[in-house]
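Peer 1: kindly return the folded structure for what I paste below:
(chains A and B)
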2 protein chains.
Amino acid sequence: MIISDRMAGIQPFFVMEVLSRAKALERQGRDVIHMEIGEPDFPTPPLVIRHATEFMQRGEIKYTPAAGLPELREAISEYYRDRYGVRIASERIFITPGASGGFLLAMGLLLNEGDKVLLADPGYPCYSNFARLFGGIPSLVPVDASTRFHLNSEMLSACWDSRTKGAVIASPSNPAGAVLQPEELKRLVNELEQKSAFLIADEIYHGLEYDKPSPTALTFSDRVFVVNSFSKYFGMTGWRVGWLAVPANYIDDAEKLAQNIFISAPAPSQYAALASFTEANLQELERRRLVFQERRDFLCENLQKIGFSVNAVPNGAFYVYAECSRFTSNSLDFALNLLEETGVAVTPGKDFGKNLPERHLRFSYAVTFDRLAEAITRIRRFVQCRS
Amino acid sequence: MIISDRMAGIQPFFVMEVLSRAKALERQGRDVIHMEIGEPDFPTPPLVIRHATEFMQRGEIKYTPAAGLPELREAISEYYRDRYGVRIASERIFITPGASGGFLLAMGLLLNEGDKVLLADPGYPCYSNFARLFGGIPSLVPVDASTRFHLNSEMLSACWDSRTKGAVIASPSNPAGAVLQPEELKRLVNELEQKSAFLIADEIYHGLEYDKPSPTALTFSDRVFVVNSFSKYFGMTGWRVGWLAVPANYIDDAEKLAQNIFISAPAPSQYAALASFTEANLQELERRRLVFQERRDFLCENLQKIGFSVNAVPNGAFYVYAECSRFTSNSLDFALNLLEETGVAVTPGKDFGKNLPERHLRFSYAVTFDRLAEAITRIRRFVQCRS
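Peer 2: Numbering: from 1, shown residues only, chains lettered A, B, ... in the order given. A predicted model of the protein is given here:
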């Protein structure tokens, strides 16, 4: 069997084991609360669907330019101006098939065989695998609550070596749901610029912040790569549409690569996304953000009451990364038993890296308040038998 | 500027130069006939749009499983049974964001740094670039009308060396529009199996054949990778949905890789594609195929009358790859002048490789019959001044 070496380095997601067991239980008629899930429970906003439907009625659903619909690139450029107060020329914005497409483009542009990329551990597991795809070497930097599970500029310097070419950062982060402070983001950006290294900033949870809104990394430099998506805040997961902002001197190469590896992002999704920036839609999204915030408060408080430790209170995304070492030294087993006995599905720490994963679980609050309350009741009962 | 070595090997498409000049002319009010285009002129079939619209009204447009909607994988499996008489388990079928996604998956699974991949020249330029993306080395094999612009098993053996790991073949092909004879396809499949090499068969123009339908490479082996798409025959370019059939022992790895690099193909497009296999839709596609065939006949006959040579009469896809050496030794200049003077846009041979590109042009007949007739009138006038 011919198989590339990179495949040996790519682990399947452990949550898939949880998910497949959850589905089996559901087929037996069991009620499962899905707190393992990485997508908002809200449906696509109605205005977005209406826009997509109108477009589809025209029937002319053709390839768009590789870089995306010019009017969508323009709308995103205006969004940067209105929301963040930064000017990003629309030519620097590439519409991609989800954030995944943004990472393919960015890493394809940047990485050679053997190049090291610094990543926070715990972190989103696909970063490592995107790097491996292009011959890169993920270099995992352990982070904990002391830096709210973020890399900082000191860690960058401490872990740097001659093969390190850049870093990926994420704010709000996954799994910890933590927002980087603007000063710290600025320091990271400056540090990497000084090293002539690349920075890819994953901003796909932007908009889902519960203290104050984050600045984009583009505020501090025109030389960073920013990945964003319509999936999370904009509620459009299944549509697979996102974007990548590139430095101006990468425009031609990004276009060349996009032509080759995507042809274009899906046209109905691009037209649908155009409706995202209307005032009425942004109001709907704000309403949803407040619902998430209420759930965050409820979940954090109750997990802690039960005996989980939430070492860095999350202020973004829709996840709580909780320590479960009071109950177990094997969070994967714990997750599988919790599911089996109570029907609550959560994601084991193992999916997020090698840094104490056995002590952590990720709880997603992309479920309704009622279900969240029911989950808390079930989890409380479950751990009581274990204390 | 940090830029990966692979980018230097990836050429922009010359047709983009043609296209951008065509758009400039259109902005000046000129009428342009777009024969450079690689997508059907027909709109998405109405049944497909209706199905997508119904799905979207539900609002629940979420990630699908990474491998795709189970019912779509099942429908494709049934299509293989009904159309080709081969049994392909639905688990072997991965739904991808267009054929592009299929190539990303297949080459990501197969290629290591330095692995050589045999490709016919002229051929679809992205094959080389997909290979380069993963550190592979495209090994271009010159082909001509004597093999109807296809690789054959003798060429494989002649060009093989210790670093060669496999080959990509395409039937119907682009740019030549030529269908591989079943016996030759079988010989290629056997030859590669004997060498324990991989074969990726690009079947995205399947269904658009004008002599008899092609067998799929899956007829001759369960160990080939087959890329297909809803773009061309099924008329769904802008939706970005296709599939990859993998050998059974690659299922787990393909799933792992798909989870990481796509999350999933766009959900509205997957639901839309489900309507493709209904009897009423297949009848509509057959009607369209006959329209293409009529255009093919007209275009081939008239290009030859004018003085172009069509050295291998195309019997598939929607392209004529014509030799223009009677008029020019620089087909790129010729294409740009033709556009400037007559408003007919065609694709220069340079986009398809290094094998006599300056003597060839690709004419697409994805334009209405009237426009095709008008194009012939304009081209005739243009070359008359040059003979």
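
Peer 1: which is the succeeding secondary structure element to the longest helix belonging to chain A?
Peer 2: For chain A, the helix with the greatest residue count under DSSP state H is helix A:279-306. Using DSSP states H and E, the helix or strand that follows helix A:279-306 towards the C-terminus is strand A:319-323.

Peer 1: taking helix A:279-306 as reference, get the angle to that next one.
Peer 2: Taking axes from the mean of the first three to the mean of the last three C-alpha atoms, to 10 degrees, one finds strand A:319-323 and helix A:279-306 inclined to each other by 10 degrees.

Peer 1: list the contacts of strand A:319-323.
Peer 2: With C-beta atoms under 8 Å, 6 or more residues apart in numbering or on different chains as the contact definition, strand A:319-323 has outside contacts at A:122, A:149, A:174-177, A:296, A:299-300, A:303, A:308-312, A:314, A:349, A:352, A:359-365. In short, each C-beta sits where N, CA and C put it, glycine included.

Peer 1: could you pull up phi and psi at the nearest residue to residue A:339 once chain neighbours are set aside?
Peer 2: Leaving aside its chain neighbours, residue A:339 sits nearest to residue A:345 (5.2 Å; criterion: C-beta to C-beta, 6 or more residues apart in numbering or on different chains). Main-chain torsions, residue A:345, degrees, to the nearest 10: phi -100, psi 130.

Peer 1: quick one: low-confidence residue ranges for chain A.
Peer 2: The model of chain A has pLDDT under 70 over residues A:387.

Peer 1: pop the domain breakdown of it in here.
Peer 2: What automatic domain parsing lists as the domains of chain A is A:6-43+A:281-382, A:59-276.

Peer 1: among those, show me which one is buried the most.
Peer 2: With neighbours defined by mean count of other C-beta atoms under 10 Å in any protein chain shown, none of those is more surrounded on average than domain A:59-276, at a mean of 22.

Peer 1: measure that one end to end?
Peer 2: End-to-end distance for domain A:59-276, by C-alpha to C-alpha, to the nearest Å: 22 Å.

Peer 1: distance from the chain centre to it, please.
Peer 2: 10 Å (C-alpha atoms, centre = their mean, to the nearest Å).

Peer 1: kindly report the same for stretch A:369-387.
Peer 2: In terms of C-alpha atoms, centre = their mean, the centre of stretch A:369-387 is found 27 Å from the chain centre.

Peer 1: what does it rub up against?
Peer 2: A:33, A:35, A:291, A:294-295, A:298-299, A:302-303, A:306-307, A:326-328, A:337-338, A:341-344, A:365, A:367.

Peer 1: neighbouring contacts of the helix or strand where residue A:20 lies?
Peer 2: Following DSSP H and E, one finds residue A:20 within helix A:14-27. Residues from elsewhere that reach helix A:14-27, judged by C-beta under 8 Å, 6+ apart: A:32, A:34, A:36, A:332, A:335-336, A:339-340, A:343, A:345-348, A:350-351, B:259.

Peer 1: out of those residues, which sit inside strands?
Peer 2: If you go by DSSP state E, those have A:34, A:345, A:347, A:348 in strands.

Peer 1: could you give the bridge partners of the residue nearest to residue A:339?
Peer 2: residue A:34 (DSSP bridges).

Peer 1: thought residue A:32 was touching it, still the case?
Peer 2: Yes - the criterion here is C-beta atoms under 8 Å, and residue A:345 meets it with residue A:32 at 5.7 Å.

Peer 1: give me the common contacts of those two.
Peer 2: Residues within reach of residue A:345 and of residue A:32 at once, by C-beta under 8 Å, 6+ apart, are A:22, A:339.

Peer 1: how near is the closest residue to residue A:195 other than its chain neighbours to residue A:197?
Peer 2: Of all residues not flanking residue A:195 in the chain, residue A:160 sits nearest, at 6.9 Å (C-beta to C-beta, 6+ apart). Taking C-beta to C-beta, to the nearest Å as the measure, residue A:160 falls 8 Å from residue A:197.

Peer 1: before we move on, back to that, report the two of the ones in strands among the contacts of helix A:14-27 separated the most.
Peer 2: A:34 and A:348 (14.7 Å; C-beta to C-beta).

Peer 1: on that earlier part again, residue B:190: which of the contacts of helix A:14-27 is nearest?
Peer 2: Distance to residue B:190 across the contacts of helix A:14-27 (C-beta to C-beta) is lowest for residue B:259, with 33.6 Å.

Peer 1: for the closest residue to the closest one other than its chain neighbours, what are its contacts?
Peer 2: Of all residues not flanking residue B:259 in the chain, residue B:66 sits nearest, at 4.2 Å (C-beta to C-beta, 6+ apart). With contact set as C-beta under 8 Å, 6+ apart, residue B:66 has these partners: B:255, B:258, B:259, B:262, B:263, B:264.

Peer 1: roughly how far apart are residue B:66 and residue A:225?
Peer 2: Distance, residue B:66 to residue A:225, by C-beta to C-beta: 25 Å.

Peer 1: and what of residue A:61?
Peer 2: 30 Å.

Peer 1: hang on, the earlier thing: does anything pack onto the longest helix of chain A? Which helices or strands?
Peer 2: For helix A:279-306, the elements it packs on are helix A:46-57, strand A:319-323, helix A:369-384, judged by 3 or more C-beta pairs under 8 Å, 6 or more residues apart in numbering or on different chains; DSSP states H and E.

Peer 1: same list (these) but as CSV, adding distance to residue A:164.
Peer 2: Below are the helices and strands packed on helix A:279-306 laid out as CSV (distance: least, C-beta to C-beta, whole Å):
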stretch, distance to residue A:164
helix A:46-57, 40
strand A:319-323, 26
helix A:369-384, 41
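
Peer 1: right, and these - which one's nearest residue A:144?
Peer 2: Of all the helices and strands packed on helix A:279-306, it is strand A:319-323 that lies closest to residue A:144, at 10.0 Å by C-beta to C-beta.

Peer 1: helices of chain A, start to end?
Peer 2: All helices of chain A, identified by DSSP H, fall at A:6-9, A:14-27, A:46-57, A:70-79, A:98-110, A:126-133, A:153-159, A:182-194, A:251-261, A:267-274, A:279-306, A:331-342, A:369-384.

Peer 1: can you list the ones you listed in a markdown table and add distance to residue B:218?
Peer 2: Below are these laid out as a markdown table (distance: least, C-beta to C-beta, whole Å):
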| stretch | distance to residue B:218 |
| --- | --- |
| helix A:6-9 | 23 |
| helix A:14-27 | 27 |
| helix A:46-57 | 32 |
| helix A:70-79 | 38 |
| helix A:98-110 | 28 |
| helix A:126-133 | 27 |
| helix A:153-159 | 48 |
| helix A:182-194 | 48 |
| helix A:251-261 | 25 |
| helix A:267-274 | 30 |
| helix A:279-306 | 45 |
| helix A:331-342 | 38 |
| helix A:369-384 | 44 |
